[in-house]
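*Asks:* Here is the input, now give the coordinates:
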Amino acid sequence: MKLDRLVGERFKEKPTDCVIESHTLMMRGGYMKDVAKGLYSQYMPLKRICRKIEAIIREEMDAIDGQEVLFPVVLPATLWDESGRYESVGSELLRFSDRNNARMLLGMTHEEAAVQLVRDYAKSYNNYPFMIYQIQTKFRDEARPRAGLIRVREFTMKDAYSFHTSQEDLERYYQVCYDAYNRIFARAGIPEVVTVTSDSGMMGGSLSHEYMLLTPAGEDSIAICSECDYRANMEAAESIIENQKDDTDDALTKVHTPNIHTIEEICDFLKSPLEKSCKAVVYQRNSDDSFVVVFIRGDLDVNETKLTNYLGEAVHPAVITEDCGLNAGYIGPVNLSVNGKYTVIYDTSLQGTNNLSCGANEEEYHYTGLCMERDVPQAQYVDLAKIVEGGICPKCGKKTIAISRGIEVGNIFQLGTKYTKTMNMQYLDAEGNSHYPIMGCYGIGVGRLAASVCEAHHDEYGPIWPMSIAPWQVHLCCLRSDDAQAKSYADSLYEELQKQHIEVIYDDRKARPGVMFSDADLLGVPIRLIVSPRNMGESVVELVTRDKSVQEKVSLENVIPTVKELIEKLLSE
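*Replies:* Residues are numbered from 1 along each chain as shown. As a prediction, the model looks like this:
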């Protein structure tokens, strides 16, 4: 490929709407162009990168007996009616009607389609186990798409579905996929990816793991223990609290607190620390807008994923009106008039505590001296808090939790029988008894993985693509293409590289060296060959790797062998 024929522009200016480096560099480098919010078209360099990622994924999936299939992007709503997700999934699912008024949707995941494809085939235990996978376009109507390819609405994803006749067989294969994913990310250039336990969310199932690239640019928060191998997404991390109870219980005392509403204000007014307070966080169920009041220690935050899982349905922050019976800013657990109108939940951070401040359910009044055991004897406690920096590790019990940011580049789920039961997929065992197959699910976003590699491996000038997924293997620059000797040799080298099946992009434009090198940096090709009149005078070609780890002059007769050897070395790394 000649650079002057490459569609797309490269430019110096940083786009104003880019919030992370991978987004900035991929826009500046001519990898993609935005079409609408969360929608991008791909230019040739990005398409080549994604194609190589897909090839790695296919090789690893095929190696663990995966069978590639293809599901439709557009699905009938009736399939999702069977699983119950047509109504339970929120506005991220794009629903519409076709010209015949049939209810349709754009697939954001394909569990239902997978079950529909195989449920007639897999009616005997003899047909198990098996795994099917696809690499396909999906659409998720994200409310806030951002960060380029990290969070988009339309994306390409590899999703795989395995089917088993026992939990033991699922767990065996789950480990096989777990290891295959580690190989995929290592081959794609980010072996530093870590696995964390996660919340299964709308996917369902009993166990799930996310593969996280730890980076400050990540959108997810991960709890990591520095003393053991515990790692979990904040949404799934258990919050363990050491509740300290004072030796004596103070009397419950009502205190006048005019014009004070927030927990910080009341603690400042009473000159007491946040951890000696009880605050109320109020939500409403999405289904009927009924109120859910969560009482939690004042220095902690509610983990809304834990709350949703506990309730079995989604919630949103409450809008507290005058007639709802709740006194905003003064809600407390003592003498709260529930009368069946609210769901009241107590976080474990309050269990066994005393001498707390809290709202008195009366305008401009709070209580001090709250003792949970004495004053709220009916309380049942649930873990609803977010784990905190310096918190107690749920595995080793030490106060060694650190909170890091990360990008989710893949996930795997043990789905169990969630979909096979609701969609009535059954098989007969050797004795003729009917059973529901047990499923696993395994996903990788292709574009997100490309962007994550860029996020992990770049400098101020552009991406540093690993050889395994780079758009080309060699970037050939001919400086002073008006020099007959340099141009003639560069042309012949370009032809020989192609004959040797080496992927090469050739820049023979009449451009200044600074422009050439700037474009080469933005394209991030691992090996750069520089032909110039000065180098011709020395009978050498300058060879530089994009990461600057190799800089040498190679004799003309040794250029091809040296390049081949370096390609193999970089691939093996």
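
*Asks:* Next secondary structure element downstream of the strand or helix carrying residue 196?
*Replies:* If you go by DSSP states H and E, residue 196 is part of strand 194-197. Using DSSP H and E, the helix or strand that follows strand 194-197 towards the C-terminus is strand 207-214.

*Asks:* Check which helices and strands that following strand sits against.
*Replies:* Under the contact criterion of 3 or more C-beta pairs under 8 Å, 6 or more residues apart in numbering; DSSP states H and E, strand 207-214 touches helix 167-188, strand 194-197, strand 220-225, strand 231-233, strand 401-416, helix 446-456. (Each C-beta comes from the backbone N, C-alpha and C, glycine too.)

*Asks:* Convert the C-alpha atoms of the strand holding residue 196 to CSV, please.
*Replies:* The C-alpha coordinates for strand 194-197 follow below in CSV (Å, rounded to 0.1, in the frame of the first residue of the first chain):
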residue,chain,number,x,y,z
VAL,A,194,-6.1,-9.1,34.9
THR,A,195,-9.3,-11.0,35.8
VAL,A,196,-11.7,-9.8,38.4
THR,A,197,-14.9,-11.4,39.8
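
*Asks:* quick one: that strand to chain centroid distance?
*Replies:* 11 Å (C-alpha atoms, centre = their mean, to the nearest Å).

*Asks:* same thing with stretch 283-294?
*Replies:* 28 Å.

*Asks:* swap in stretch 536-544?
*Replies:* On C-alpha atoms, centre = their mean, the centre of stretch 536-544 falls 45 Å from that of its chain.

*Asks:* show me where pLDDT drops low in the protein?
*Replies:* 198-206, 338-340 (pLDDT under 70).

*Asks:* State the helix or strand in which residue 54 lies.
*Replies:* Element membership for residue 54, per DSSP H and E: helix 44-63.

*Asks:* how about the helix or strand just after that helix: buried residues?
*Replies:* For helix 44-63, the following helix or strand on the C-terminal side (DSSP H and E) is strand 66-68. For strand 66-68, the neighbour count (16 or more other C-beta atoms under 10 Å) marks residue 66 as buried.

*Asks:* cool, and stretch 48-63?
*Replies:* For stretch 48-63, burial by neighbour count (16+ other C-beta under 10 Å) applies to 48, 49, 50, 52, 53, 54, 56, 57, 60, 61.

*Asks:* can you list the residues that contact that stretch?
*Replies:* Applying C-beta atoms under 8 Å, 6 or more residues apart in numbering, the external contacts of stretch 48-63 come out as 31, 42, 68, 131, 133, 135, 156, 158, 160, 180, 183-184, 187-188, 444, 446-447, 449-450, 465, 468-472.

*Asks:* What are the boundaries of the strands in the stretch 1-150 of the chain?
*Replies:* In the stretch 1-150 of the chain, the strands defined using DSSP state E, counting those that start in this stretch lie at 32-36, 39-42, 66-68, 74-76, 95-97, 103-106, 130-139.

*Asks:* Could you say which of these is packed most deeply?
*Replies:* Per-stretch averages of neighbours, counted by mean count of other C-beta atoms under 10 Å, single out strand 130-139 among the strands of the stretch 1-150 of the chain, with a mean of 19.

*Asks:* That one pairs with which strands, parallel or anti?
*Replies:* Neighbouring strands of strand 130-139 in its sheet, by DSSP bridges, are strand 66-68 (parallel), strand 154-164 (antiparallel).

*Asks:* how about those strands in a markdown table, adding distance to residue 415?
*Replies:* Formatted as a markdown table, the strands paired with strand 130-139 follow (distance: least, C-beta to C-beta, whole Å):
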| stretch | distance to residue 415 |
| --- | --- |
| strand 66-68 | 16 |
| strand 154-164 | 8 |
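
*Asks:* quick revisit: which one of the helices and strands packed on strand 207-214 lies nearest to residue 525?
*Replies:* Checking these against residue 525 by C-beta to C-beta gives helix 446-456 as the closest, at 13.4 Å.

*Asks:* For residue 16, give its distance to residue 24.
*Replies:* Counting by C-beta to C-beta, to the nearest Å, the gap from residue 16 to residue 24 is 10 Å.

*Asks:* So which of these two has more stuff around it?
*Replies:* When residue 16 and residue 24 are compared for neighbours, residue 24 comes out ahead with 19 against 5, by other C-beta atoms under 10 Å.

*Asks:* who touches the closest residue to the more buried one other than its chain neighbours in this structure?
*Replies:* Distance criterion C-beta to C-beta, 6 or more residues apart in numbering; nearest residue to residue 24, sequence neighbours excluded, is residue 18 at 4.1 Å. Counting by C-beta under 8 Å, 6+ apart, residue 18 makes contact with 24, 27, 148.

*Asks:* circling back: any idea which of the strands paired with strand 130-139 gets closest to residue 428?
*Replies:* The closest approach between residue 428 and any of the strands paired with strand 130-139, judged by C-beta to C-beta, belongs to strand 154-164 at 14.4 Å.

*Asks:* CA atoms of that closest one as CSV?
*Replies:* Taking Å, rounded to 0.1, in the frame of the first residue of the first chain, the C-alpha atoms of strand 154-164 are listed here in CSV:
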residue,chain,number,x,y,z
GLU,A,154,-22.7,0.0,17.6
PHE,A,155,-19.8,-2.4,18.0
THR,A,156,-18.4,-5.7,16.8
MET,A,157,-18.2,-8.5,19.3
LYS,A,158,-17.2,-12.1,19.6
ASP,A,159,-19.7,-13.9,21.7
ALA,A,160,-19.6,-17.6,22.5
TYR,A,161,-22.1,-19.9,24.1
SER,A,162,-21.3,-23.3,25.5
PHE,A,163,-23.9,-26.0,26.5
HIS,A,164,-23.4,-28.7,29.1
